[in-house]
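> Model the structure of this input:
(2 chains)
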Amino acid sequence: MDKKPGILKVLQATAGKPITPQDDESLFGSGLLDSFALPDFVSGLEAEFGVSIPDSDLSARKFDTIDKVDSYLEARGK
Amino acid sequence: MAFLRATGSYVPERVVTNADLATLVGETAEWIEQVSGISERRYAAPDQTVADLAVLAAERCLQSAGIAATELGMLLVSSGSPERYCPGPASAIAARLGMGTTPALDIPVGSAGSLIGLALAMRLAPTTGQMLVVGTEIMSRRIDATAEGRNTAILFGDGAGAALVSPNAGFLRLVDAELFTDGSGSEMLRVEDGRLHMDGGSVILRASRKLPACILEVLQRNALTPADVPHYLLHQANLNLLTKVAATLKVPAERVFTNIQKYGNTSSASLLLALDEWRSGVGQRIEGPVLFSAFGTGLNWGAMLAFPADLTSELTGSAAG
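Take a look at the predicted model:
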């Protein structure tokens, strides 16, 4: 299943605007999201994909691009 | 039982505004305020040490309580930014306060160290007697005030706070506390080679989950909800984080005391600095339970619950002193 539409949906809901970053574009380095939006982004991913992200995975690097989020969810079997 | 009996604080005279920092870090003063909520912070003079700041805060606290340092049963000092790590500043501070051979211990935990000190004092005071908890930091020497280090440079300031925990009298009764450590995140926030290293996004991600969770845990086991607590005293990490914690707990942001606007993030000093200013502001108008919480290096975090002395009397039927 292609997860990128779901990731983009969560991302846009978090940002509150219809941003469409490149799959490998840094969401935080580019300023599309600030650090304080990250918790909402991760919570949104948990709800959208029905996954509980453990403390040990709560690292900003894992969620910095759409590609990284996609790989992470893939590794979690989603 | 254990009570908060008195508080004290000290901040250095030098005020550093966002405009002062803006050029150094390659940003505007407005941007600094927007991302941090901080307007200014204090920097220690070149010849000041963390012990100097601590002694001034401690003396104010002891003077407020009307007791001598010789009456203390123990001193606990938190600092993540001491000039040297071993021995830490506690023994030097104890000597300068005139504590003789009374035990003085260091808690080298940035940001959360004062909460750890208060929680330990709560448990030890009934057998140890009066315990002085001090948080003291000179973070301005641990930052990199350049464009590369801007994310930490804009946040931190210097200062010290102190609180006296007594076994028999005070304005707040310390009721319950819970502390946590998760070393899997120890690399995210650390002072190493004299510099602060912070993976800001990851720290915010962890803190924004752990702070509300531990607050809820302590409240729930005391049959309280966040709405029952009119006063939240949190480590002053970042105004946006404090606002986020309030939103998660579904309490008005005004219930979370803030003075980060004036002092920035003073790491482990911030909770006690906030406590001292909050108490000065509320005077005798403490309207209900007080909830303390902090998150810091280690990673360490936790929460502590206190009742005003008159509320304690009402709930327990005993004189709180």
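
> for chain A, what are the nearby residues on the stretch 1-150 of chain B?
B:Val35 (CB under 8 Å from any CB of the partner chain). Where you see a C-beta, it was placed from the backbone N, CA and C, and this is true even at glycine.

> quick one: contacts for the closest residue to chain B within chain A?
Closest approach of chain A to chain B (CB to the nearest CB) occurs at A:Ala60, with a separation of 3.0 Å. A:Ala60 makes contacts with A:28, A:35, A:38, B:199-202, B:205, as judged by CB atoms under 8 Å, 6 or more residues apart in numbering or on different chains.

> Which of the residues you listed has the largest number of neighbours?
Using other CB atoms under 10 Å in any protein chain shown as the neighbour criterion, B:Leu205 leads the contacts of A:Ala60 with 28 neighbours.

> Check which helix or strand it maps to.
For B:Leu205, the element it lies in under DSSP states H and E is helix B:200-220.

> so after that helix, what's the next helix or strand?
Beyond helix B:200-220 toward the C-terminal end (DSSP H and E), the next one is strand B:231-234.

> And for that next one, what's in contact with it?
B:211, B:215, B:242, B:245-246, B:251, B:255-257, B:271, B:274-275, B:278, B:282, B:286-294.

> Pick out the residue of the stretch 1-150 of chain B closest to chain A.
B:Val35 (6.9 Å).

> so how far is A:Leu27 from the nearest residue to that residue once chain neighbours are set aside?
Counting by CB to CB, 6 or more residues apart in numbering or on different chains, the nearest residue to B:Val35 once its immediate chain neighbours are dropped is A:Asp34, at 6.9 Å. Note on A:Asp34: its distance to A:Leu27, by CB to CB, to the nearest Å, is 10 Å.

> Overlap of the contact sets of those two?
Contact with both A:Asp34 and A:Leu27 is made by no residue, according to CB under 8 Å, 6+ apart.

> the more surrounded of these two?
A:Leu27 (25 against 16).

> Let me know the helix or strand that the more buried one is in.
Using DSSP H and E, no helix or strand contains A:Leu27.

> okay but it is in contact with A:Thr14, surely?
No. In this structure, A:Leu27 is not within contact of A:Thr14 by CB atoms under 8 Å, at 9.3 Å.

> Which neighbours do the two have in common?
A:33, A:41.

> Where do the helices of the chain begin and end?
Since no chain was named, I'll use chain A. A:4-15, A:38-49, A:66-75 (DSSP state H).

> ah, I was thinking of chain B
B:18-25, B:29-36, B:50-65, B:90-97, B:113-128, B:150-153, B:200-220, B:239-249, B:260-263, B:270-282, B:309-316.

> rewinding a little: need the per-residue pLDDT for the residue of chain A closest to chain B.
Looking at A:Ala60, its pLDDT is 87.

> How about B:Gly317?
Looking at B:Gly317, the pLDDT reads 39.

> Over to the one 3 residues further on?
Confidence per residue is given as pLDDT, and for B:Ala320 that number is 34.

> And B:Ala29, by the same measure?
94.

> The one 10 residues further on too?
Confidence per residue is given as pLDDT, and for B:Ser39 that number is 95.

> Name all residues that make contact with it.
Going by CB under 8 Å, 6+ apart, B:Ser39 touches B:17-18, B:33, B:261-262.

> Next one: it from B:Glu33, what distance?
6 Å.

> what do these two both touch?
B:Asn18.

> thinking again about what came up before, looking at the helices of chain B, which is nearest to B:Thr136?
In terms of CB to CB, the element of the helices of chain B nearest to B:Thr136 is helix B:50-65, at 3.8 Å.

> nearest residue to whichever residue of the stretch 151-300 of chain B sits closest to chain A other than its sequence neighbours?
Among all residues of the stretch 151-300 of chain B, B:Gly201 sits closest to chain A, at 3.0 Å; criterion: CB to the nearest CB. Distance criterion CB to CB, 6+ apart; nearest residue to B:Gly201, sequence neighbours excluded, is A:Ala60 at 3.0 Å.

> Stretch A:40-56 and chain B, are they touching?
Yes. Applying CB under 8 Å from any CB, one finds stretch A:40-56 touching chain B at A:42, A:55-56.

> Put the alpha carbons of stretch A:67-78 into CSV.
The C-alpha coordinates for stretch A:67-78 follow below in CSV (Å, rounded to 0.1, in the frame of the first residue of the first chain):
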residue,chain,number,x,y,z
ASP,A,67,10.9,9.1,2.6
LYS,A,68,12.2,8.5,6.1
VAL,A,69,8.7,8.4,7.5
ASP,A,70,7.7,5.9,4.8
SER,A,71,10.7,3.7,5.5
TYR,A,72,10.0,3.8,9.3
LEU,A,73,6.4,2.8,8.8
GLU,A,74,7.4,0.1,6.4
ALA,A,75,9.8,-1.3,9.0
ARG,A,76,7.0,-1.3,11.5
GLY,A,77,5.0,-3.4,9.1
LYS,A,78,2.5,-0.7,8.1
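
> What residues sit buried inside that stretch?
A:68-70, A:72-73 (16 or more other CB atoms under 10 Å in any protein chain shown).

> A:Ile7: which of those is nearest?
For the buried residues of stretch A:67-78, the minimum distance to A:Ile7 (CB to CB) is 5.2 Å, reached by A:Val69.
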